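Visitor: sequence plus predicted model, see below.
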Amino acid sequence: MNLSVQLAPKNEHGLLLANPVMTASGTFGYGTEDDHVFDIQKLGAIVCKGTTLEPRDGNPQPRLAETACGLLNSIGLQNIGVEAVVKEKAPLWAGWQVPVIVNIAGETIEEYAQLAGELDGVAGISGIEVNISCPNIKAGGAEFGTNPDSAAAVTTAVKAATSLPVLVKLTPNTSDIAGVAAAVAEAGADAISLINTLKGIAIDIGKRRPLLGNIVGGLSGPAIKPVALYMVYEAARAVEVPVVGCGGITTAGDAIEFIMAGASAIQVGTAGFANPRAPLDVLEGIEQFMEKEGIKDIAELIGIARR
Ligand SMILES: Cc1cc2nc3c(=O)[nH]c(=O)nc-3n(C[C@H](O)[C@H](O)[C@H](O)COP(=O)(O)O)c2cc1C
């Protein structure tokens, strides 16, 4: 059986995954935390925690709240900063078989470009995933990804700063997911990934106060799966580049739904908190499904529900 997928067919380096199962940024650290749980080299790719120019401590506690079938988080991009990623993490990744993609976040377009430049040509880094769910400080704080123009502007700047394959990760907090997807593809994204978390809050009724220190958090987990699947379906219609699906994927069946909706690869996030083996379980389940159904190449399944 062939499970391999090429996520950056037009890029000079390419981004060939042995299989379509990736980890979602912020839920799998730097890949080093879970390597005792299962053989992480079996995965298609690892996406590391969102990386900023300077190290960040993140938002005030509490930063997590469980919801019905979901999780609210307001981590606030706690991370070690790009310099430590390049000096301390990339040398480890360089010896790995599984490609590692660095997720980046900025407050201005210039910051995104600088981050991309600092990661360019670093051994051990196979691609960049651009998180455009960040507030655009210069433009009043709306997320870059909420409108096609600002999303495209970030993409153009990142592409100009690196030759690495660039995935642009879309936010669901927009009324025009197909428009944003088309704009970032037009601006040169090698692939798009979606979705990031949906905005949400929870109230502690005893304290009569919002539960999260930051008040607002991002909702993830099975609760968002139908929304994510819809957005992947819509985005895949709008672009020619590969689409990576994410949002509430817990089982192989979930993953196959995203692939049938048009995703070339998928990311497992929140599911890993309840079951650290979830990414591997999803991969093994996909293999079993293909075997049972007599499918020789994963390409046969990509977008099959749309035809
Ligand atoms: C605790 C936590 C931290 C996250 N951190 C990031 C991040 O740094 N960058 C990013 O692009 N997405 C981040 N995400 C979003 C996930 O990568 C993913 O898009 C989202 O959770 C939906 O997938 P899931 O339902 O499988 O978790 C984070 C999610 C969680 C739960």
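Guide: Thanks, I have it.
Visitor: tell me which helix or strand the nearest residue to Ala252 once chain neighbours are set aside sits in.
Guide: In space, Ala252 comes closest to Gly285 once its chain neighbours are excluded; the distance is 2.3 Å by CB to CB, 6 or more residues apart in numbering. From N, CA and C alone the C-beta is placed, and that goes for glycine too. Using DSSP states H and E, Gly285 sits within helix 278-293.
Visitor: report all helices and strands that that helix contacts.
Guide: Applying 3 or more CB pairs under 8 Å, 6 or more residues apart in numbering; DSSP states H and E, one finds that helix 278-293 contacts strand 21-23, helix 252-261, strand 265-268, helix 271-274.
Visitor: cutoff 6 Å now
Guide: Packing partners of helix 278-293 (3 or more CB pairs under 6 Å, 6 or more residues apart in numbering; DSSP states H and E): strand 21-23, helix 252-261, strand 265-268.
Visitor: as CSV, those with mean neighbour count, distance to Gly188 and mean pLDDT would be great.
Guide: As requested, the helices and strands packed on helix 278-293 are exported to CSV (neighbours: other CB atoms under 10 Å; distance: least, CB to CB, whole Å; pLDDT from 0 to 100):
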stretch, mean neighbour count, distance to Gly188, mean pLDDT
strand 21-23, 28, 21, 98
helix 252-261, 22, 24, 98
strand 265-268, 29, 19, 98
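Visitor: I'd like these as TSV, with distance to the ligand appended.
Guide: Listed next are the helices and strands packed on helix 278-293 as TSV, based on distance: least, CB to the nearest ligand atom, whole Å:
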stretch	distance to the ligand
strand 21-23	8
helix 252-261	9
strand 265-268	6
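Visitor: TSV please, covering the ones you listed and showing distance to Glu12.
Guide: Formatted as TSV, the helices and strands packed on helix 278-293 follow (distance: least, CB to CB, whole Å):
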stretch	distance to Glu12
strand 21-23	21
helix 252-261	27
strand 265-268	20
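Visitor: for Thr156, find the nearest of those.
Guide: strand 265-268 (23.9 Å; CB to CB).
Visitor: which single residue in the stretch 151-300 of the chain comes nearest to the ligand?
Guide: Using CB to the nearest ligand atom, the closest approach of the stretch 151-300 of the chain to the ligand is made by Gly269 at 2.5 Å.
Visitor: enumerate every residue touching that residue.
Guide: Residues in contact with Gly269, defined by CB atoms under 6 Å, 6 or more residues apart in numbering, are Ala24, Thr27, Ser220.
Visitor: next: Ile224.
Guide: If you count contacts by CB under 6 Å, 6+ apart, Ile224 has them with Leu198, Gly247, Gly248.
Visitor: make CSV out of those residues and add secondary structure, pLDDT and distance to Lys207.
Guide: As requested, these are exported to CSV (DSSP: H, G, I helix; E, B strand; the rest coil; pLDDT from 0 to 100; distance: CB to CB, whole Å):
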residue, secondary structure, pLDDT, distance to Lys207
Leu198, strand, 97, 24
Gly247, coil, 98, 30
Gly248, coil, 98, 29
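Visitor: those residues: which ones sit near the ligand?
Guide: On the criterion CB under 6 Å from any ligand atom, Gly247, Gly248 are the entries of the contacts of Ile224 that sit beside the ligand.
Visitor: of the contacts of Ile224, which is the nearest to Arg56?
Guide: Nearest to Arg56 among the contacts of Ile224 is Leu198, at 22.3 Å by CB to CB.
Visitor: quickly list what that closest one is bridged to.
Guide: Taking DSSP bridges as the rule, Leu198 bridges to Leu219.
Visitor: next, count neighbours for the closest residue to the ligand within the stretch 1-150 of the chain.
Guide: Per CB to the nearest ligand atom, Gly26 is where the stretch 1-150 of the chain lies closest to the ligand, at 1.9 Å. Neighbours of Gly26 under the rule other CB atoms under 10 Å: 23.
Visitor: are we agreed that it is in a strand?
Guide: No. Counting by DSSP: H, G, I helix; E, B strand; the rest coil, Gly26 is not part of a strand but coil.
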